[in-house]
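Q: Give the three-dimensional model of this entry:
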Amino acid sequence: QVQLVESGGGLVQAGGSLRLSCAASGGTYLPYPMGWFRQAPGKEREFVAAINWDGGSTYYDDSVKGRFTISRDNAKSTVYLEMNSLKPEDTGVYYCAVGLGRATQRDRYAHWGQGTQVTVSS
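A: Next up is the predicted model:
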(Lines give C-alpha, C1' and ligand atoms only; values in the text may rest on other atoms or scores of the structure.)
Protein backbone atom coordinates (compact mmCIF):
# COMPACT_ATOMS: atom_id res chain seq x y z
CA GLN A 1 0.00 0.00 0.00
CA VAL A 2 1.36 3.40 -0.94
CA GLN A 3 2.46 5.70 1.88
CA LEU A 4 2.66 9.46 1.51
CA VAL A 5 4.91 11.84 3.43
CA GLU A 6 4.42 15.60 3.14
CA SER A 7 7.13 18.15 3.89
CA GLY A 8 8.01 21.78 3.29
CA GLY A 9 5.54 23.52 5.54
CA GLY A 10 6.48 26.35 7.86
CA LEU A 11 5.81 29.89 9.02
CA VAL A 12 5.82 32.61 6.38
CA GLN A 13 4.67 36.20 6.16
CA ALA A 14 1.77 37.19 3.96
CA GLY A 15 2.94 37.57 0.39
CA GLY A 16 5.63 34.96 0.84
CA SER A 17 6.12 31.57 -0.79
CA LEU A 18 6.50 27.94 0.18
CA ARG A 19 7.00 24.73 -1.75
CA LEU A 20 5.42 21.58 -0.38
CA SER A 21 6.51 18.08 -1.35
CA CYS A 22 4.69 14.77 -1.09
CA ALA A 23 6.85 11.67 -1.46
CA ALA A 24 5.21 8.32 -2.19
CA SER A 25 6.68 4.97 -1.15
CA GLY A 26 5.69 1.39 -0.46
CA GLY A 27 3.62 0.98 -3.58
CA THR A 28 2.80 2.50 -6.89
CA TYR A 29 1.15 5.86 -7.23
CA LEU A 30 1.00 5.50 -10.98
CA PRO A 31 -1.25 5.90 -12.87
CA TYR A 32 -3.31 7.65 -10.23
CA PRO A 33 -4.18 11.34 -9.91
CA MET A 34 -2.76 13.11 -6.90
CA GLY A 35 -4.32 15.87 -4.87
CA TRP A 36 -3.53 18.44 -2.21
CA PHE A 37 -6.05 19.32 0.46
CA ARG A 38 -5.89 21.55 3.54
CA GLN A 39 -7.63 21.84 6.86
CA ALA A 40 -7.79 25.04 8.87
CA PRO A 41 -8.48 24.98 12.62
CA GLY A 42 -12.15 24.33 13.28
CA LYS A 43 -12.94 23.74 9.63
CA GLU A 44 -13.42 20.74 7.40
CA ARG A 45 -10.69 19.55 5.09
CA GLU A 46 -11.00 21.21 1.68
CA PHE A 47 -9.69 20.60 -1.80
CA VAL A 48 -6.77 22.73 -2.97
CA ALA A 49 -5.38 21.26 -6.20
CA ALA A 50 -5.12 18.04 -8.19
CA ILE A 51 -3.07 16.68 -11.06
CA ASN A 52 -3.72 13.74 -13.35
CA TRP A 53 -1.32 10.82 -13.58
CA ASP A 54 0.98 12.22 -16.26
CA GLY A 55 0.85 15.84 -15.17
CA GLY A 56 -0.97 16.87 -18.32
CA SER A 57 -4.00 18.27 -16.53
CA THR A 58 -4.24 20.29 -13.34
CA TYR A 59 -7.18 21.55 -11.31
CA TYR A 60 -7.41 24.23 -8.64
CA ASP A 61 -9.88 25.58 -6.16
CA ASP A 62 -10.84 29.14 -7.06
CA SER A 63 -9.28 30.42 -3.84
CA VAL A 64 -5.76 29.43 -4.96
CA LYS A 65 -6.01 29.73 -8.74
CA GLY A 66 -3.21 31.88 -10.10
CA ARG A 67 -1.18 31.63 -6.87
CA PHE A 68 -0.56 27.88 -6.42
CA THR A 69 0.94 25.41 -8.89
CA ILE A 70 0.75 21.64 -8.58
CA SER A 71 3.26 19.45 -10.37
CA ARG A 72 4.63 15.92 -10.18
CA ASP A 73 7.86 14.10 -10.93
CA ASN A 74 6.92 10.48 -11.51
CA ALA A 75 10.56 9.40 -11.68
CA LYS A 76 10.88 10.56 -8.06
CA SER A 77 7.37 9.50 -7.01
CA THR A 78 6.85 13.02 -5.71
CA VAL A 79 4.14 15.64 -6.05
CA TYR A 80 4.76 19.32 -5.37
CA LEU A 81 2.66 22.33 -4.48
CA GLU A 82 4.29 25.68 -5.18
CA MET A 83 2.50 28.36 -3.18
CA ASN A 84 3.04 32.04 -3.93
CA SER A 85 1.42 35.26 -2.69
CA LEU A 86 0.37 33.46 0.46
CA LYS A 87 -2.47 34.88 2.53
CA PRO A 88 -3.35 34.34 6.20
CA GLU A 89 -6.42 32.39 5.06
CA ASP A 90 -4.09 29.83 3.48
CA THR A 91 -3.08 28.74 7.00
CA GLY A 92 -3.76 25.10 7.80
CA VAL A 93 -2.46 21.57 7.66
CA TYR A 94 -1.80 20.52 4.09
CA TYR A 95 -2.32 16.89 3.08
CA CYS A 96 -1.65 14.98 -0.11
CA ALA A 97 -3.62 11.95 -1.20
CA VAL A 98 -4.01 9.48 -4.03
CA GLY A 99 -7.01 9.83 -6.29
CA LEU A 100 -8.90 6.59 -6.79
CA GLY A 101 -11.17 8.05 -9.44
CA ARG A 102 -10.79 11.02 -11.76
CA ALA A 103 -8.68 13.91 -10.52
CA THR A 104 -11.78 16.08 -10.20
CA GLN A 105 -13.62 13.60 -7.98
CA ARG A 106 -12.79 15.23 -4.68
CA ASP A 107 -14.48 12.52 -2.63
CA ARG A 108 -12.40 9.74 -4.18
CA TYR A 109 -9.07 10.48 -2.54
CA ALA A 110 -7.40 8.12 -0.07
CA HIS A 111 -4.07 7.07 1.46
CA TRP A 112 -3.65 10.39 3.21
CA GLY A 113 -0.28 11.54 4.47
CA GLN A 114 0.26 12.92 7.97
CA GLY A 115 0.15 16.51 6.78
CA THR A 116 2.47 19.50 7.01
CA GLN A 117 1.60 22.73 8.81
CA VAL A 118 1.53 25.99 6.88
CA THR A 119 1.12 29.19 8.87
CA VAL A 120 0.85 32.56 7.15
CA SER A 121 1.19 35.60 9.38
CA SER A 122 -0.34 38.95 8.52
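
Q: from here on, contacts and neighbour counts on C-alpha atoms
A: Noted.

Q: Off-centre distance for the helix or strand of the chain with the lowest mean pLDDT?
A: Of all helical and strand segments in the chain, the minimum by mean pLDDT, DSSP states H and E falls on strand 109-110, at a mean of 92. Its chain's C-alpha centre and that of strand 109-110 lie 12 Å apart, by C-alpha atoms, centre = their mean, to the nearest Å.

Q: for it, packing partners?
A: Under the contact criterion of 3 or more C-alpha pairs under 8 Å, 6 or more residues apart in numbering; DSSP states H and E, strand 109-110 touches strand 92-99.

Q: returning to what we had before: for the helix or strand immediately after the least confident helix or strand of the chain in the chain, which strands pair with it and how are they oriented?
A: On the C-terminal side of strand 109-110, the closest following helix or strand by DSSP states H and E is strand 116-121. Neighbouring strands of strand 116-121 in its sheet, by DSSP bridges, are strand 10-13 (parallel), strand 92-99 (antiparallel).

Q: nearest to residue 26, of the ones you listed?
A: Closest approach to residue 26 among these is made by strand 92-99 (13.1 Å; C-alpha to C-alpha).

Q: Please, where are all the strands along this structure?
A: Remark: strands assigned in the chain by DSSP state E are 3-7, 10-13, 18-25, 34-39, 46-51, 58-60, 68-73, 78-83, 92-99, 109-110, 116-121.
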